[in-house]
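K.L.:
can't give you the sequence, but here's the structure:
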């Protein structure tokens with residue numbers, strides 16, 4: 001779902017072990033991504049900012065407004081734009097606004113613990129940064145800033161296949177951070193194998209397979225702006241620096257023939273838990289369980305694939321994550337939840353308005 005510049009999805013983890021705080025039930029975690037903000041070097045703008053003190057950012061809408069002001073139109077349209085007429089993107093916002101909380105009172109909430117465990121790893125809150133590419137469009141340090149902010153917030157960062165920084169640089173800049181890797185399955189099986197082995201050796205803890213992009217969606221803003229990432233923005237070679245000798249990988253290398261039967265091959269070449277991103281139907285969720293994947297991320301790609309179905313890099317990301325964590329803590333407190341394990345379906349309802 002998309003709200004205030006955030007792409008929101010839900011992660012469901014299968015096969016919780018005994019002793020887990022949610023044993024026997026799927027674990028839900030929010031994934032979020034947002035446009036980072038690039039400083040405007042225009043002197044008039046800088047002078048204006050010196051005369052008028054900037055208001056503090058208190059919610060994610062503030063970051064969205066600042067990003068729109070500071071990024072170029074082409075970059076903003078690429079980050080914010082949806083597919084087709086934008087119906088799915090609009091429906092995402094409308095659906096999120098219908099969610100209402102059902103608070104329970106007279107419970108001891110003097111201590112509220114937002115921590116949880118995801119795929120065996122502890123995180124400070126059930127929030128992670130979902131995979132988005134080309135962060136260098138918004139800030140020079142790109143995904144390195146994102147990784148450092150995630151490490152500081154003690155949450156999971158899902159690194160995109162199309163990161164504009166090398167995986168080695170991302171790991172080096174935030175060595176203690178919890179990282180998963182999102183894979184667009186490539187036509188070249190050997191390249192997939194090399195890439196998976198590479199992320200394993202770099203300490204990534206899970207493999208997230210995006211399933212809803214056999215081809216790129218019809219993103220009209222990008223077409224009008226003549227954005228062609230396949231030729232205008234060369235990507236970091238997916239092979240390790242030692243193996244790299246050819247041209248950079250192009251986006252057209254995504255394999256449209258990838259199907260359920262291919263999961264067994266992926267499972268045979270890695271020990272990492274496999275999570276499917278982009279599942280939207282009950283039928284596909286059941287197939288995911290049948291094929292022994294460890295979890296799914298329920299997502300429609302922020303409405304950027306199929307229609308009709310910040311301040312500055314690193315500091316801005318940290319502020320966004322802190323806002324999310326604080327709002328989550330507040331919501332838990334006001335609904336009477338002392339731990340993540342106490343969150344359940346009875347706490348929400350959907351408005352008819």
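P.N.:
Perfect, I can see it now. Note that this is a predicted model, so its numbers are computed, not measured.

K.L.:
tell me the buried residues in the helix ranked longest in the chain?
P.N.:
Taking DSSP state H as the criterion, the chain has its longest helix at helix 313-334. Going by neighbour count (16 or more other CB atoms under 10 Å), the buried part of helix 313-334 is 313-314, 316-321, 323-325, 328, 331-333. From N, CA and C alone the C-beta is placed, and that goes for glycine too.

K.L.:
low-confidence ranges, the stretch 151-300 of the chain, go.
P.N.:
By pLDDT under 70, the weakly predicted segments of the stretch 151-300 of the chain are 214-252, 300.

K.L.:
and stretch 66-80, what's buried?
P.N.:
In stretch 66-80, counting by 16+ other CB under 10 Å, buried: 66, 67, 70, 71, 75, 76, 77, 78, 79, 80.

K.L.:
returning to what we had before: could you identify the most distant pair in the buried residues of helix 313-334?
P.N.:
313 and 333 (31.0 Å; CB to CB).

K.L.:
surely residue 287 is in a helix?
P.N.:
Yes - membership of residue 287 in a helix is supported by DSSP: H, G, I helix; E, B strand; the rest coil.

K.L.:
how far away is the residue lying closest to it once chain neighbours are set aside from residue 291?
P.N.:
In this structure, residue 287 finds its nearest non-sequential neighbour in residue 260, 6.1 Å apart by CB to CB, 6 or more residues apart in numbering. Distance from residue 260 to residue 291, counting by CB to CB, to the nearest Å: 6 Å.

K.L.:
go on, residue 158?
P.N.:
According to CB to CB, residue 158 stands 20 Å off from residue 291.

K.L.:
likewise residue 320?
P.N.:
When CB to CB is the yardstick, residue 320 and residue 291 sit 34 Å from each other.

K.L.:
before we move on, what about residue 102?
P.N.:
35 Å.

K.L.:
of those two, who's got more company?
P.N.:
Legend: neighbour count by other CB atoms under 10 Å for residue 102 and residue 291, higher for residue 291 (15 against 11).

K.L.:
so where do the strands sit in the stretch 1-150 of the chain?
P.N.:
Under the criterion DSSP state E, counting those that start in this stretch, strands of the stretch 1-150 of the chain are mapped to 2-3, 6-7, 9-13, 27-32, 99-101, 116-118, 121-123, 127-129.

K.L.:
identify the residue nearest residue 315 in space, chain neighbours excluded?
P.N.:
residue 149 (7.9 Å).

K.L.:
measure stretch 154-164 end to end?
P.N.:
The first and last residues of stretch 154-164 sit 23 Å apart, counting by CA to CA, to the nearest Å.

K.L.:
strands along the stretch 151-300 of the chain, start to end?
P.N.:
Using DSSP E, counting those that start in this stretch, strands in the stretch 151-300 of the chain cover 156-159, 178-183, 207-210, 274-279, 295-298.

K.L.:
separation between the residue nearest to residue 134 when sequence neighbours are not counted and residue 140?
P.N.:
Counting by CB to CB, 6+ apart, residue 164 is the residue found nearest to residue 134 once chain neighbours are left out, at 5.1 Å. Residue 164 sits at a distance of 10 Å from residue 140 (criterion: CB to CB).

K.L.:
these two: which has the busier surroundings?
P.N.:
Higher neighbour count among residue 164 and residue 140: residue 164, with 21 against 13, using other CB under 10 Å.

K.L.:
can you verify my assumption that that one contacts residue 136?
P.N.:
Yes - counting by CB atoms under 8 Å, residue 164 does reach residue 136; the two are 3.8 Å apart.

K.L.:
so what sits against both of these two?
P.N.:
Here residue 164 and residue 136 have 142, 143 as joint contacts, going by CB atoms under 8 Å, 6 or more residues apart in numbering.

K.L.:
can you map out the helices along the protein?
P.N.:
Going by DSSP H, the chain shows helices at 43-51, 60-70, 73-80, 87-97, 143-153, 167-173, 189-201, 220-224, 229-232, 263-268, 282-290, 313-334.
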